[in-house]
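Undergrad: Could you work out the structure for the sequence below:
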Amino acid sequence: MNTKWSITTRLTLLFALVSSGVLLAFSAFVISAIEKHFVEQDKEALQGKIVLIESAVRRVSTPDELPALSQLLHDAFVGHNDLVVLALTPDGNTLHASTGFSFPIDKVRHAATTQSVNTFDWNEGKQIFRGLAKTIPSSIPGADPMVVMVAIDIDHHSTFMVRFGKTLSALATTAALTCGLLGWFVVRRGLAPLRLLKEQASNVTASSLDTRLPETSIPVELTGLVQTLNQMLERLQDAFNRLSNFSSDLAHELRTPVTNLTTQTQVALSQPRDARAYRETLASNAEEFERLSRMISDMLFLAKADHGLMLPSTETIELKQEVNELFDFYDALADERRVTLTVEGQGRITGDRLMLRRAISNLLSNALRHTPTEGRITIRIQSTGKRTHVTIENTGQDISPEDIPHLFDRFYRADKARTHTSSEGTGLGLAITKAIVSAHRGNVSVSSRAGLTRFDLVFNE
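TA: Next up, the predicted model:
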């Protein structure tokens, strides 16, 4: 089972864990430093006692004086209840030992024979002692060195460390909880802009896509996110508007042929007619059905292009040859309107022959419809490096600058006065051209000024 924790919870826990880790490390360091201080303090005190014993031992110059040394050691440490003393004669016998204690002789001998001066601890009942042993050369001629050991009761150190550890643990726990609460508060305040963005984003609906998230009242770290969200909203608004306009235009475009079909059929059925009249009505209906079929095919073509389902085949295409074949097809219409068709340059590209012919044909037929009598249409082909340009240029009235950005929109017509009773054109030709060029990794642009309208197709290798 996956438990989804909020960012606030995760950051608060992380902050608390890090704080606890730092506090634990600090506590361990403090305890270690205090214990080390106590060890050094005890070591310094014990070394001072060893010096006293060493001074007393050096006064003994004959074996007969050894019993007097024991009494001297006893007198020297009278009143020091927290100190215990052990002295071993050169032959290994106990010369002096504090009464009531069991000494770790092996530890004493080992510590006395080492070069370094280190303390060692041992337990005597419920007490803990810290001792320091040393080998002292004897002043008795020919005698082996003596071993002496001084130890101190460190119960008060242990008691202090236990109490200090409990106090430090309580303080560390309180500090960790406080840090956790402060972390929660800081994280809550830090994430407040995100909650504000959530509330503002929840207010964006289909009817208020023009709403934009404010960029002035947010932290710098969230500026990029807000800008990206606003750009997304702008794209959504544009796509939604296009979809809305497309639906409206589609209904309008379909209404005309459907109305024509309904009207013609009702008129034909309103009274008895001869076979010729019925044939004329059916022929007119067939034209409207053909227009509907062409519109549906064009819409399906664009839908495939929008979803990346239009995969052009690839072959090498001689553009000048394709243009000349299109000129042959439109030659009769051009002669009728006394329009001159000219092709200049040559080039080749790799792509789908039928798609590219359809794209150029759409632009050529569009140019023929808008070129006046005695006008001219020129198609220029030019290859520059890895790019191939195909320019369709025609004389005639300029296109309004307000219309140019929308020429490739579906069902858009720059000529608002044009009627829709004719079956010629569906308002999708330029949109199809753009989709075909885009499918070939190219782009299309248009310019219109000084009596010349120019469509420029650019294909990238």
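Undergrad: Which strands or helices does the lengthiest helix in the chain pack on?
TA: Using DSSP state H, we find that the single longest helix of the chain is helix 7-57. Judged by 3 or more C-beta pairs under 8 Å, 6 or more residues apart in numbering; DSSP states H and E, helix 7-57 is in contact with helix 66-76, strand 83-88, strand 127-136, strand 146-153, helix 155-190. From N, CA and C alone the C-beta is placed, and that goes for glycine too.
Undergrad: How far away from the center of its chain is it?
TA: Distance of helix 7-57 from its chain centroid, counting by C-alpha atoms, centre = their mean, to the nearest Å, is 44 Å.
Undergrad: quick one: average confidence on that helix?
TA: Mean per-residue pLDDT for helix 7-57: 87.
Undergrad: neighbouring contacts of stretch 336-344?
TA: With C-beta atoms under 8 Å, 6 or more residues apart in numbering as the test, stretch 336-344 has contacts from 320, 323-324, 327, 330-331, 334, 368, 371, 373-381.
Undergrad: likewise stretch 96-113?
TA: 69-70, 73-74, 77, 83-88, 118, 120, 122, 124, 131-135, 147-149.
Undergrad: Which among these count as buried?
TA: 69-70, 73, 77, 83-88, 120, 131-135, 147-149 (16 or more other C-beta atoms under 10 Å).
Undergrad: If you go by neighbour count, which of the contacts of stretch 336-344 are buried?
TA: By 16+ other C-beta under 10 Å, the contacts of stretch 336-344 give 323, 327, 330, 334, 368, 371, 375-381 as buried.
Undergrad: Report pLDDT for Ser365.
TA: 91.
Undergrad: Spell out which residues sit in contact with it, please.
TA: By C-beta under 8 Å, 6+ apart, the neighbours of Ser365 are 330, 429.
Undergrad: any idea which element it lies in?
TA: Using DSSP states H and E, Ser365 maps to helix 353-370.
Undergrad: give the contact list for the closest residue to Val186 other than its chain neighbours.
TA: The shortest distance from Val186 to any non-neighbouring residue, by C-beta to C-beta, 6 or more residues apart in numbering, is to Phe15 (8.0 Å). By C-beta under 8 Å, 6+ apart, Phe15 lies in contact with 179-180, 183-184, 186-187.
Undergrad: Return the closest of those with respect to Asn394.
TA: Nearest to Asn394, judged by C-beta to C-beta, of the contacts of Phe15 is Val187 at 65.7 Å.
Undergrad: these two touch, right, the closest one and Leu13?
TA: No. Counting by C-beta atoms under 8 Å, Val187 sits too far from Leu13 to count as a contact (10.3 Å).
Undergrad: Neighbour count: these two, which is higher?
TA: In this view Val187 and Leu13 are compared by other C-beta atoms under 10 Å, and Val187 has more residues nearby, 19 against 14.
Undergrad: now the residue lying closest to that one once chain neighbours are set aside: how far from Arg410?
TA: Computed as C-beta to C-beta, 6+ apart, the closest residue to Val187 that is not its neighbour in sequence is Leu11, at 4.6 Å. Using C-beta to C-beta, to the nearest Å, Leu11 is found at 49 Å from Arg410.
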